[in-house]
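> below is the sequence, then the predicted model.
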Amino acid sequence: MLASPAMDTALPPALPHWLPYCARLQTRPLADIDLVVIHCTELPDLDMARQYGERELYASGTGNSGHFYIDRDGRIEQYVPLHCVAHHVRGYNPRSVGIELVNRGRWPHWLDSQHQAMDEPYSPAQLQALQQLLDSLGAALPGLRWIAGHEDLDREQVPASDDARQLVARKRDPGPQFPWHQVLSATTLQRLPGA
């Protein structure tokens, strides 16, 4: 059984649905967390996001995942306890909480130069649940002060899958449909400088 600080259970109605490898993830003091990173799954549904999250990709027997997942209906699932370092954004994992919003993004042609539009809007239920989660995290984590999108922190350009001569963004989430103004106006968190 995975030991988890009691604080995790004080968060909004998030269904704990720990990934099988959580006990192998690096741990951290909650006081080290100062950043929330907003992602979108770029997958069609929460079931597929779970399948991707369970994949073991590293020698440690762990994979890529956010801490929280918010489905289109506003349901929140927590895959990784906050005291564990989830692999969700290069270079910022030890200090951050990853929140994934279920959204198709560029799925299934993520790196195809002809399919870079991210036109699925985020649902009102998702955004309401996100706000509730941000409020709860802010109250529970005294060092939390910053928020950023995945695209703000990983700006690598990679060869397009359909034409290696063209470069596309490796990460574009949460993408152009994410209402930054609305989210920032309802939280005390500030956009990470440079984001």
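Perfect, thanks for sending it.

> name the SS class of the residue sitting furthest away from the middle of the chain, please.
In the chain, counting by CA atoms, centre = their mean, residue 165 sits farthest out from the average C-alpha position, at 29.9 Å. The assignment at residue 165 comes out as coil when based on DSSP: H, G, I helix; E, B strand; the rest coil.

> return the set of buried residues in the least confident helix or strand in the chain by mean pLDDT.
For the chain, using mean pLDDT, DSSP states H and E, the weakest element among its helices and strands is strand 14-16, scoring a mean of 85. Buried residues in strand 14-16, defined by neighbour count with 16 or more other CB atoms under 10 Å: residue 14. For the C-beta atoms, the positions are set from N, CA and C on the backbone; glycine is no exception.

> who does it touch, helix- and strand-wise?
Strand 14-16 sits against strand 76-78, with contacts defined as 3 or more CB pairs under 8 Å, 6 or more residues apart in numbering; DSSP states H and E.

> what are the phi and psi values at the residue lying closest to residue 189 once chain neighbours are set aside?
Computed as CB to CB, 6 or more residues apart in numbering, the closest residue to residue 189 that is not its neighbour in sequence is residue 147, at 4.2 Å. Per-residue torsions, residue 147: phi -140, psi 140 (degrees, to the nearest 10).

> surely residue 147 touches residue 192?
Yes - Residue 147 is within contact range of residue 192, at 6.7 Å (criterion: CB atoms under 8 Å).

> give me the more crowded residue out of these two.
For residue 147 versus residue 192, neighbours defined as other CB atoms under 10 Å are more numerous around residue 147 (26 against 19).

> and that one, how close does it get to residue 46?
Distance, residue 147 to residue 46, by CB to CB, to the nearest Å: 22 Å.

> please apply the same query to residue 53.
Distance of residue 53 to residue 46, computed by CB to CB: 10 Å.

> of these two, who's got more company?
Per other CB under 10 Å, whichever of residue 53 and residue 46 has more neighbours is residue 53, with 24 against 20.

> could you find the closest non-adjacent residue to the more buried one?
Leaving aside its sequence neighbours, residue 53 sits nearest to residue 65 (CB to CB, 6+ apart; 3.9 Å).

> so the one you found touches residue 85, yeah?
No - with contacts counted by CB under 8 Å, residue 65 stays clear of residue 85, the gap being 10.8 Å.

> settle it for me: which of these two has more neighbours?
More crowded of residue 65 and residue 85, by other CB under 10 Å: residue 65, with 25 against 20.

> residues touching that one, list them.
The neighbours of residue 65, taking CB atoms under 8 Å, 6 or more residues apart in numbering as the test, are 19, 52-53, 79-80, 86-88, 98.

> now with 6 Å?
With contact taken as CB atoms under 6 Å, 6 or more residues apart in numbering, residue 65 is in contact with 19, 53, 79-80, 86.

> what about it, distance to residue 49?
Applying CB to CB to residue 65 and residue 49 gives a distance of 9 Å.

> what residues sit buried inside the longest helix belonging to the chain?
Secondary structure of the chain per DSSP state H: the longest helix is helix 124-140. For helix 124-140, burial by neighbour count (16+ other CB under 10 Å) applies to 126-127, 129-130, 132-138, 140.

> that concludes my questions; thank you for your assistance.
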